[in-house]
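Novice: Coordinates for the following, if possible.
(2 chains)
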Number of protein chains: 2
Amino acid sequence: MLLFDSEYLKDYTKQIFIRMGCPEEEALTAADCLNQADLRGVDSHGVARLSGYVRLWELDRLNAAPKITIVHETPSTAVLDGDKGLGLVTAPQAMKLAIEKAKIAGTGWVAVQNSNHYGIAGYHAMMALDHDMIGISMTNASPLVAPTFSKSRFLGTNPIAVAIPALHQPPFVIDMATTTVANGKLEVLQRKGQEAPLGWTQDKDGNPTTDAYSLKKGGSMLPLGGDRDHGGHKGYCLGAMVDIFSAVLSGANYGPWVPPFVSFLEPPKEQVGKGIGHFLGAIRVDAFRPAQEFKENMDNWIQTFRNAEPSAGQEKVLIPGDPERELTEERLKNGIPLHEQVVEDLRKLGESFGIEFKTTAKN
Amino acid sequence: MLLFDSEYLKDYTKQIFIRMGCPEEEALTAADCLNQADLRGVDSHGVARLSGYVRLWELDRLNAAPKITIVHETPSTAVLDGDKGLGLVTAPQAMKLAIEKAKIAGTGWVAVQNSNHYGIAGYHAMMALDHDMIGISMTNASPLVAPTFSKSRFLGTNPIAVAIPALHQPPFVIDMATTTVANGKLEVLQRKGQEAPLGWTQDKDGNPTTDAYSLKKGGSMLPLGGDRDHGGHKGYCLGAMVDIFSAVLSGANYGPWVPPFVSFLEPPKEQVGKGIGHFLGAIRVDAFRPAQEFKENMDNWIQTFRNAEPSAGQEKVLIPGDPERELTEERLKNGIPLHEQVVEDLRKLGESFGIEFKTTAKN
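Specialist: Numbering: from 1, shown residues only, chains lettered A, B, ... in the order given. The predicted structure is shown next:
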């Protein structure tokens, strides 16, 4: 692991996106989204993924300078066509529109079709916070997850993010895949040569397994809850809901038709919509009650739950968003750790665009 | 178990609510909500709960003839004060308002304060279906669930329901507690003298347990996912979100302050809001794309997932709402099974109001 300065990585990312043909402002937004993932500890969705976007662009599966258009709208809703753009760009634009609609109608809800992978869900949801709004963000993704009782990979890890403002307390931020764990956790176990807990994945026949490589052997991830006895059907419901909101409302591809992120897999020939889909929402808190009152209540909610009695052996109770915020502070100070493989990948990527990646670690 | 005619039970329930002082139309709505729970197999939220509502009314914790008022509104939002009414009445009224707002603004979102237990979440969400709208329903509830890493009972089973219309296929209907299982499943195990799977509850110190009586011994229910390793923190996030949407947006009691449903427990002396809270939403599908297109896509989604390949040992893959619909058909035909204890409870209840409960089983 080498440590890198956060600002350096963000600027490097921005330069790559600019060389790809992104307008400067959009390159900055996209770079910021990847950078926030790194700072918040979602390493799989940070700069490590940069070369993946570039490869999709090289295959013409991604448009670096999209003309994003409004397909349909009402006072509180809209559908955007992302014109094959980066989700890192189309989703923030959709969120901006949702916020504008919320200013007038109380809430704003924007579905996006014809998009690509949008990074961490939380980034887009958190855009609402500065406006005293609750932000909601969801997206569908490459199918890796099996519905309950099935062995078919029909759903993505389909995350849900919800960001809620407080007054003096930091905001309440959920950012969660609707699976038991994210794929990245399996990769950690693979590197350590360890087994996975039951309930994370199943083998290619749909049997329970602790094999951390099961996904690479044709198995599938399990929805949040794991098996039926542990409520896995509820995780399936949530993942399905995200798929429908993101893609059936917007007119994007859903279920097994969602195009894969990885460039070595071809998208399905048959398409039932355009690209992948997102769903963004903004709720003005003072469309319900005075913002000050709401935020004071949130402070009390947060302090109350933070002071809940810890279980035997636990130190403290966390509020959604706490771990990511603590990590952000630490990484802003000490740098963002990157695997040597990622560093080499970034160096080569820069080379192909004529930009030097300074592999000197920060500390 | 005795079997009862669904219509008979509904009418009996309505008569009891009328004797309590409910206006006839509201009594019918409330009875219909309990009846749908029985038909859909959520026996804990059906007619078995009728005497519970009556007891709250006897203690003046519930107002049989509430004046429900709009506290605040914008084009797509409103807050209702339920005036201590039955949630079985305030929630449908809130949903009607959400539907009216969606007709004009594209979506409608109504938070309810000063309410009581609202029955099954799905009932209210499904009201949107006939209008070609997606219905969303959530509520907070008596605290029985501990946040991850804690032993404090700070959250209710806080359900989420989402109903989505299709064309020729039956609608897609999620109705789920944000816990691993509902309390009713523990009671089934208690009757059978069986242990619970790990991940359902914890003991009073927050240790994992398989004791089906743990909740009665000061333990707590676990959020969907169970322990941290199996994603229990995500269930905690969802339950927390439901609490905040239902109560912090509306101005109701949240977290540990939510008044208990059972009449033998006093509500907390200190209050941070009014009653319990709900959050209802309606999304007009043609605020995004033509309803016909959307519903055709939903038919395809449903058929695709229904035809997913079953895992080893499984017969078929289910769509959210399938089990409840199948049970409804069966129970409409064969009757609703009630425990003898429930039958006796209903008989006594009728006696106190001067109405005979005909204990003759239907079949």
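Novice: Who's the closest spatial neighbour of the residue of the stretch 151-300 of chain A found nearest chain B, skipping the chain neighbours?
Specialist: Nearest to chain B in the stretch 151-300 of chain A, going by Cβ to the nearest Cβ, is residue A:206, at a distance of 2.4 Å. No exception for glycine: its C-beta is placed from N, CA and C like everyone else's. For residue A:206, ignoring the flanking residues on the chain, the nearest one in space by Cβ to Cβ, 6 or more residues apart in numbering or on different chains is residue B:311 at 2.4 Å.
Novice: Wait, that neighbour touches residue A:149, no?
Specialist: Yes: here residue B:311 lies in contact with residue A:149, judged by Cβ atoms under 8 Å, at a distance of 5.8 Å.
Novice: So which of those two has more stuff around it?
Specialist: Each of residue B:311 and residue A:149 has its neighbours counted (other Cβ atoms under 10 Å in any protein chain shown); residue B:311 has more, 24 against 21.
Novice: about what we covered before: common neighbours of residue B:311 and residue A:149, please.
Specialist: Both residue B:311 and residue A:149 are contacted by residue A:206, under the criterion Cβ atoms under 8 Å, 6 or more residues apart in numbering or on different chains.
Novice: just the strands in chain A please.
Specialist: A:2-4, A:69-74, A:77-81, A:107-115, A:133-139, A:160-164, A:172-176, A:201-202, A:208-209, A:220-221, A:276-284, A:336-338 (DSSP state E).
Novice: could those strands be laid out in TSV, adding mean pLDDT?
Specialist: Output for those, formatted as TSV (pLDDT from 0 to 100):
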stretch	mean pLDDT
strand A:2-4	95
strand A:69-74	98
strand A:77-81	98
strand A:107-115	98
strand A:133-139	98
strand A:160-164	98
strand A:172-176	98
strand A:201-202	96
strand A:208-209	94
strand A:220-221	97
strand A:276-284	98
strand A:336-338	96
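Novice: Dump those strands into JSON lines; add mean neighbour count and distance to residue A:291 as well.
Specialist: Output for these, formatted as JSON lines (neighbours: other Cβ atoms under 10 Å in any protein chain shown; distance: least, Cβ to Cβ, whole Å):
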{"stretch": "strand A:2-4", "mean neighbour count": "18", "distance to residue A:291": "38"}
{"stretch": "strand A:69-74", "mean neighbour count": "16", "distance to residue A:291": "25"}
{"stretch": "strand A:77-81", "mean neighbour count": "25", "distance to residue A:291": "23"}
{"stretch": "strand A:107-115", "mean neighbour count": "30", "distance to residue A:291": "15"}
{"stretch": "strand A:133-139", "mean neighbour count": "29", "distance to residue A:291": "9"}
{"stretch": "strand A:160-164", "mean neighbour count": "27", "distance to residue A:291": "12"}
{"stretch": "strand A:172-176", "mean neighbour count": "24", "distance to residue A:291": "15"}
{"stretch": "strand A:201-202", "mean neighbour count": "28", "distance to residue A:291": "43"}
{"stretch": "strand A:208-209", "mean neighbour count": "18", "distance to residue A:291": "48"}
{"stretch": "strand A:220-221", "mean neighbour count": "26", "distance to residue A:291": "39"}
{"stretch": "strand A:276-284", "mean neighbour count": "30", "distance to residue A:291": "8"}
{"stretch": "strand A:336-338", "mean neighbour count": "21", "distance to residue A:291": "34"}
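Novice: Put together a markdown table for those strands, with distance to residue B:214 on each row.
Specialist: Formatted as a markdown table, those follow (distance: least, Cβ to Cβ, whole Å):
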| stretch | distance to residue B:214 |
| --- | --- |
| strand A:2-4 | 46 |
| strand A:69-74 | 49 |
| strand A:77-81 | 45 |
| strand A:107-115 | 40 |
| strand A:133-139 | 34 |
| strand A:160-164 | 29 |
| strand A:172-176 | 26 |
| strand A:201-202 | 29 |
| strand A:208-209 | 25 |
| strand A:220-221 | 30 |
| strand A:276-284 | 37 |
| strand A:336-338 | 41 |
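Novice: For chain A, which segments count as helices?
Specialist: Using DSSP state H, the helices of chain A run over A:6-20, A:24-40, A:50-58, A:87-105, A:121-126, A:183-192, A:232-243, A:291-306, A:322-334, A:340-353.
Novice: Name all residues that make contact with the residue of the stretch 151-300 of chain A closest to chain B.
Specialist: Contacts of residue A:206 by Cβ under 8 Å, 6+ apart are A:146, A:149-151, A:220, B:310-314.
Novice: biggest separation within those, which pair?
Specialist: A:220 and B:313 (15.7 Å; Cβ to Cβ).
Novice: Tell me, how many residues neighbour residue A:247?
Specialist: Neighbour tally, residue A:247, other Cβ under 10 Å: 31.
Novice: Just confirm it contacts residue A:253, I think it does.
Specialist: Yes: the pair residue A:247 / residue A:253 is scored as a contact, 6.1 Å apart, by Cβ under 8 Å.
Novice: Tell me the bridge partners for residue A:221.
Specialist: residue A:145, residue A:201 (DSSP bridges).
Novice: how about JSON lines for the helices of chain A, with mean pLDDT added?
Specialist: Output for the helices of chain A, formatted as JSON lines (pLDDT from 0 to 100):
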{"stretch": "helix A:6-20", "mean pLDDT": "98"}
{"stretch": "helix A:24-40", "mean pLDDT": "98"}
{"stretch": "helix A:50-58", "mean pLDDT": "97"}
{"stretch": "helix A:87-105", "mean pLDDT": "98"}
{"stretch": "helix A:121-126", "mean pLDDT": "98"}
{"stretch": "helix A:183-192", "mean pLDDT": "86"}
{"stretch": "helix A:232-243", "mean pLDDT": "98"}
{"stretch": "helix A:291-306", "mean pLDDT": "98"}
{"stretch": "helix A:322-334", "mean pLDDT": "98"}
{"stretch": "helix A:340-353", "mean pLDDT": "96"}
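Novice: out of the contacts of residue A:206, which are buried?
Specialist: A:146, A:149-151, A:220, B:310-311 (16 or more other Cβ atoms under 10 Å in any protein chain shown).
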